[in-house]
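Peer 1: just a sequence and a predicted model for now, questions to come.
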Amino acid sequence: QVQLVESGGGLVQPGGSLRLSCTTSGFSLDDYAIGWFRQAPGKEREAVACASSVEGLTYYINSEKDRFTMSRDTAKNTVYLQVDSLKPEDTAVYYCATDSTRPGYGCYDDPNWFEDWGLGTQVTVSS
C-alpha cells in the first residue's frame, strides 16, 4: 500500500528556514516521480518541485527557485523540501504526492496528475 507522510512544518518567523520531510512506503523513489505541492488558504494547490529518475529535479515557482531545494534519500525512502528565507506568502499546507500507477514517468505540475497524496504539513510564516 502506497503511503506518504509529511512532517517538519510549523510556525516560523519571516526569514527563517524549514526542512520538510516526506516519508514514503509501498513504492520505490527510483521508479516514480514524486512532487511537492502547497495550498494556501483560498488558493488552488500549486506545484513547488518534483523529482523523477528520468528528469531529475524540477522547480516550478520560477521566481523563487533559489529558496526551495528538493532532495531525495532513496535509502530512507524519504524526500525533503528545504525552504529558506521564508515569507508570509509561503504560509500553506505542503503536500507530497506520487502516482503509483505510472512507473517511469517524469514530472508534471498539474496536481490532478498525481493519484497518491499525503495529508500535508502546515507551514505558517508569521512574526
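Peer 2: Here it is on my side, so go on.
Peer 1: how many other residues sit next to A47?
Peer 2: Using other Cβ atoms under 10 Å, A47 has 21 other residues around it. Every residue, glycine included, has its C-beta placed from N, CA and C.
Peer 1: tell me the secondary structure for it?
Peer 2: What DSSP: H, G, I helix; E, B strand; the rest coil gives for A47 is strand.
Peer 1: show me what the least confident helix or strand in the chain by mean pLDDT is packed up against.
Peer 2: Lowest on mean pLDDT, DSSP states H and E among the helices and strands of the chain sits strand 56-59, with a mean of 89. The contact analysis (3 or more Cβ pairs under 8 Å, 6 or more residues apart in numbering; DSSP states H and E) places strand 56-59 against strand 46-52, strand 68-73.
Peer 1: what about D30, neighbour count?
Peer 2: With other Cβ under 10 Å as criterion, D30 counts 10.
Peer 1: what distance do you get for the most centrally placed residue in the chain to C96?
Peer 2: In the chain, the centroid-proximal residue (Cα atoms, centre = their mean) is W36; its distance is 1.9 Å. As judged by Cβ to Cβ, to the nearest Å, W36 and C96 stand 6 Å apart.
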